[in-house]
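**Student:** below is the sequence, then the predicted model.
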Amino acid sequence: QVKLVESGGGLVQPGGSLRLSCTFSGGTFSRYGMNWYRQAPGNERELVAGITNAGGRTNYAELVKGRFTISRDNAKNTVYLQMNSLKPEDTAVYSCNARSIWGSDYWGQGIQVTVSS
């Protein structure tokens, strides 16, 4: 069974940076596209960034373009989300998602990111 574990969240001041990591186990990592989603209180979950299984293509929500970077290391079974120039409105629970071309869909437990002075 695929398991995803996020790490790297926490409290950061506006303008600061954080790097989230998501470690994948229980399957073949290179067969999955990986995504980061977030959900703020009172809001629906939204896609933040995605990366294809080989890492050749990425996509970003408009609100984070130019500030966030998604990457993956298939040798380490890990996907990353580098978040720079953080804003208070980036505060949310961030969740890692693994999605295969066969429709398999897995989620991590989520990790809190709080941007506040």
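**Tutor:** Thanks, I have the structure now. Numbering: from 1, shown residues only.

**Student:** which intervals of the protein have sub-threshold pLDDT?
**Tutor:** Residue ranges of the chain with pLDDT under 70: none are present.

**Student:** need the contact list for the spatially most central residue of the chain.
**Tutor:** By Cα atoms, centre = their mean, the chain has its centre lying nearest to W36, at 2.8 Å. Remark: with contacts taken as Cβ atoms under 8 Å, 6 or more residues apart in numbering, W36 is in contact with 20, 22, 47-50, 70, 79, 81, 94-97. (Glycine included, C-beta is placed from N, CA and C.)

**Student:** same check on Y80?
**Tutor:** Y80 makes contact with R19, L20, S21, C22, T69, I70, S71, R72, D73 under the criterion Cβ under 8 Å, 6+ apart.

**Student:** name the helix or strand for it, please.
**Tutor:** strand 78-83 (DSSP states H and E).

**Student:** pairing partners for that strand, with directions?
**Tutor:** Take DSSP bridges as the rule and strand 78-83 pairs in its sheet with strand 18-25 (antiparallel), strand 68-73 (antiparallel).
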